[in-house]
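>>> okay, here's the prediction I keep looking at, along with the sequence it came from:
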Amino acid sequence: MTSTSVIKFVFVLMFSMFTLSLWCQEVESKDDEEHENSSMLDYGVKGSFGVAYNVVNPSGDKYFGLAYKGKGGYALKFKLFVYDGFFLGGSSGFSYFENTNIEITGNYDKTRVGSHYLFLGYEYRPIEKLAFNVNASLFGEARHKNEYNAGNEAYQIDKAKIRAFEVSLDYFIAPNFSINLYYAYRNDKTKINTSPNLQSRFDRAQFAIIGLGVNFQFGKEAIISNF
């Protein structure tokens, strides 16, 4: 099973657990007058899903830092709380780069990096309106589509193993809705075949991400608390 297949399987499993928990809580609360008018968002496994726009900034002395210029991107994220403040989640999105030095990378104009990975993290919520989060990737894969002459007719695909670390802040403007600001650093291990004397320049793809988005919160308890 490929890493992409594993990620898809875990996403489906997490969503299934969330759906099952909602159904169980709905059945249990039908005869409870106290929860008669409660929102479905207040039941089941605690988690969130969100969308964000990213500003990407290549860094380091590898080919990304030497030849690329960030053009932005976006990400979709989903997480479920496993125990207390610990959560398991997944991220899927795209980042766009312009190639500014073809002498280093080869004759292509731009690169689209598709990223899909799972992460483990922890949330600290000092007050009701603020939540601080930190997470690190468990495993995942990035797909680099290098396009020639600004078109989709000719392109080359490179792949990389994702290594990501992220810190974020959520500001809640409503009980189930927050503004999310985050910083992430990527140090992906690439699988690019090149001559031995150039291999060290192409063995990593390093870039920083600053993102701004919105998160929708749902649920009440961590998975272990419910099962």
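Cool, got the structure. Numbers count the residues shown, from 1 in each chain.
>>> alpha carbons only for contacts and neighbour counts from here, please
Fine.
>>> and the helices in this structure?
For the chain, the helices defined by DSSP state H occupy 3-29, 63-67, 102-105, 223-226.
>>> how about the spatially most central residue of the chain, nearest residue that isn't a chain neighbour?
When C-alpha atoms, centre = their mean is applied to the chain, the residue found nearest the centroid is residue 91 (2.6 Å). In space, and not counting its chain neighbours, residue 91 is closest to residue 77: 4.5 Å by C-alpha to C-alpha, 6 or more residues apart in numbering.
>>> show me what contacts the nearest residue to residue 47 once chain neighbours are set aside?
Nearest residue to residue 47 in three dimensions, chain neighbours excluded: residue 80, at 4.2 Å (C-alpha to C-alpha, 6+ apart). By C-alpha atoms under 8 Å, 6 or more residues apart in numbering, residue 80 lies in contact with 14, 45-48, 87-89, 222-223.
>>> what's the weakest-modelled helix or strand in the chain?
helix 3-29 (a mean of 52; mean pLDDT, DSSP states H and E).
>>> against residue 71, how distant is residue 96?
Per C-alpha to C-alpha, to the nearest Å, residue 96 is found 5 Å from residue 71.
>>> returning to that earlier point: so which of the contacts of residue 80 comes closest to residue 59?
residue 89 (26.0 Å; C-alpha to C-alpha).
>>> for this structure, give me the ranges with low pLDDT.
Along the chain, the model assigns pLDDT under 70 to residues 1-43, 150-153, 226-227.
>>> quick one: contacts for the residue nearest to residue 91?
Residue 77 sits next to 49-51, 89-92 when contact means C-alpha under 8 Å, 6+ apart.
>>> tell me which of the residues you listed fall in strands.
Among those, DSSP state E puts 49-51, 89-92 in strands.
>>> residue 91 touches residue 135, doesn't it?
No. Applying C-alpha atoms under 8 Å as the test, residue 91 and residue 135 come out as separate, 11.4 Å apart.
>>> got the contact list for residue 194?
Contacts of residue 194 (C-alpha under 8 Å, 6+ apart): residue 202.
>>> distance check, it against residue 184.
On the measure of C-alpha to C-alpha, residue 194 and residue 184 end up 28 Å apart.
>>> neighbours of the spatially closest residue to residue 130 that is not a sequence neighbour, how many?
Among residues not flanking residue 130 along the chain, residue 171 sits closest, at 5.0 Å (C-alpha to C-alpha, 6+ apart). Residue 171: 17 surrounding residues under other C-alpha atoms under 10 Å.
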